[in-house]
Structures are given as structure tokens and as C-alpha cells.
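Chemist: model this:
(one chain, ligands or ions: 2)
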Amino acid sequence: IKKITTETLRKMKFDKEIITMLTAYDYTTAKMVDAGGIDAILIGDSAANVMAGHETTLPITLDQMIYHTQCVVRGVERALIVADLPFGSYQSNPEKALDSAVRMMKEGGAHSIKIEGGKEIQKSIVKIINAGIPVMGHLGLTPQSIYQFGTYKVRAKEEEEAEKLMSDAKLLEELGCFALVLEKIPADLAKRVSESISIPTIGIGAGAGCDGQVLVYHDMVGMNKDFSPKFLRRYLDLYTEITGAVSSFVKDVKTGDFPNEKESY
Ligand code: KIV
Ligand code: NA
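Modeler: Ligands and ions are numbered 1, 2, ... in the order given. Sure, this is the predicted structure:
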């Protein structure tokens, strides 16, 4: 199997082949996502939401993200593995950012890391890249700043924020990021950003003009019944499938149907 690298993703943009990314947080899921032919697997800090039940991504720790990453790495043969650095593990302090990124690579086994923000975290990005660690950027609706935004609505609809996003995207390219996520911004802005930089953009809620698309696994397989943003396409209704399977098991056991003779020793 030919492994996907950061260089593969750059080449895909050059060849106009659209990049696919999904999240995974555990071994079994990562194995299936990899077998499905995904290009990149993100151990997102969305694990705070879908794995741990937190309302925001802020509470998840670096140790917890490293654990999720270790689990995913064991299940992946082909995809590029990108791991989120969580809130508080890289902002403001480049030394600390480098320590966090090194731990994610060394202990977690990631192939690259992702961090949220532009100019504000410039020094951290440079420090990490200088250590030989590939960095994926993340602009637009960056969930670690939710308490500053106050809402999960579309970002950069106004000219000023759109211009800052464009200049941050160019900065991330200049600093040497290998790709960047664009989350929940107008499609025309995402398209303009994608056309203005040579590194691939991977969109979520950012329209078809991006160089790739990413979704949260639990959302795209329909495990999250209560989360229905406009940008989400559900490929399965696993919430219904799984609750149905559980209630069938309950019924079969309660009625004495399970286990039958063939299922016994
Ligand atoms: O944590 C996450 O799942 C993400 C993606 C939505 C890009 O950052
Ligand atoms: Na994230």
C-alpha cells in the first residue's frame, strides 16, 4: 500500500484531485475509514464532543488527544494521520507549542498536527515546522475560540473578517503549513482563498471551491441525531440502526429467544 504523505496532498491539489478527510478517534473506526479509501484521517478535538459528551472542544487534554491518536494509528495503513493539538496546548507560547507537537508525534504517532488560528499563533507554527513537524492550519469558525465568537454561526461574512482570513491563509502558506482547514465560511470566500494559495484547503461548511472536504465521522454516518447543520450530508442513519439493534437484542433476551441452541456450547 502506498502511504499518503503531506507531499501527496500538495500534488493532489496540483493535479486537481479533490482531497478527502474524515475524523476518527479509535482503532476500529480508523480501520474502516482507512479501508474506505480516505486520504487523510483527523484525530479531531471534536472528540471532546462526540466521544466525551462535552459541549465545546475546550476541555479535552493533550494526554487524551494522544491516547485517541495512538488508537487511530494502530488501525491505519494508508491515510495521512493529522492530530489536533487541543486548546491550551499551543496558544501564546511557542516552546510549549513545540513540546505539545513533539509529544503528539512521539507518543501519539501522528504524521502531522493541526492548530487553529493565523497571525496570533505565527511563532508557534514556525517553531513546530522548524522541528520538522508538518502543520495543518485551521481558519474560519475555529471552535477553540467559541467563547470569543459567542455563536457557531458562519464566519467571515463581513469584509473585514474576510480580509483577515485571506491574509492569514497566505501567511500560513508562507510559514510552510502543508494544508489548511476552512470551517464554516461563505463558499465564494473559500474559493477565492483556495485559488490564492498553492497549499490545499480542506473545507467543512465552506462549499465546493475547496481543494478537499472533511466531515466529522459521527455526523456523516448519522450517529448524531441532534446535530443537523446545513453543510452536513448523512450517508447512514446509524442512530436508528443502532438503537434498533439494541432494542432487538433486549427483546430477544427478554423473550428467551437468545441464545438459542446453535448459539450455546
Ligand atoms: O475537530 C475536528 O473534527 C475538526 C474538523 C471539523 C476539521 O477540526
Ligand atoms: Na478540531
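Chemist: CA only for contacts and neighbour counts going forward, please
Modeler: Noted.
Chemist: which residues of the stretch 1-150 of the chain lie near ligand 2?
Modeler: 44-45 (C-alpha under 5 Å from the ion).
Chemist: which one is the closest residue to ligand 1 within the stretch 1-150 of the chain nearest to, not counting chain neighbours?
Modeler: For the stretch 1-150 of the chain and ligand 1, the shortest gap (C-alpha to the nearest ligand atom) falls at residue 44, measuring 3.2 Å. Counting by C-alpha to C-alpha, 6 or more residues apart in numbering, residue 44 lies nearest to residue 84, which is 5.3 Å off, once chain neighbours are set aside.
Chemist: so how far is stretch 141-154 off the chain centroid?
Modeler: Taking C-alpha atoms, centre = their mean, to the nearest Å, one finds the center of stretch 141-154 at 16 Å from the center of the full chain.
Chemist: same thing with stretch 20-32?
Modeler: 10 Å.
Chemist: contacts only, for residue 135.
Modeler: 112-115, 125, 128-129, 176-179 (C-alpha atoms under 8 Å, 6 or more residues apart in numbering).
Chemist: quick check: residue 182 is in a helix.
Modeler: No - applying DSSP: H, G, I helix; E, B strand; the rest coil, one finds residue 182 to be strand, outside a helix.
Chemist: hey, what's it bridged with?
Modeler: Residue 182 has these beta-bridge partners by DSSP bridges: residue 139, residue 203.
Chemist: which residues touch it?
Modeler: By C-alpha under 8 Å, 6+ apart, the neighbours of residue 182 are 138-141, 190, 201-204, 206.
Chemist: what about 7 Å?
Modeler: 138-140, 190, 201-204, 206 (C-alpha atoms under 7 Å, 6 or more residues apart in numbering).
Chemist: just residue 111 next, same as before
Modeler: Residues near residue 111 by C-alpha under 7 Å, 6+ apart: 80-82, 105.
Chemist: so of those residues, which two are at opposite extremes in space?
Modeler: Greatest spacing in the contacts of residue 111, by C-alpha to C-alpha: 80 and 105 (12.8 Å).
Chemist: what about the helices in the stretch 51-200 of the chain?
Modeler: 62-73, 94-103, 122-130, 146-149, 159-175, 187-196 (DSSP state H, counting those that start in this stretch).
Chemist: most tightly surrounded among the ones you listed?
Modeler: Comparing these by mean neighbour count (mean count of other C-alpha atoms under 10 Å), helix 62-73 comes out on top with a mean of 22.
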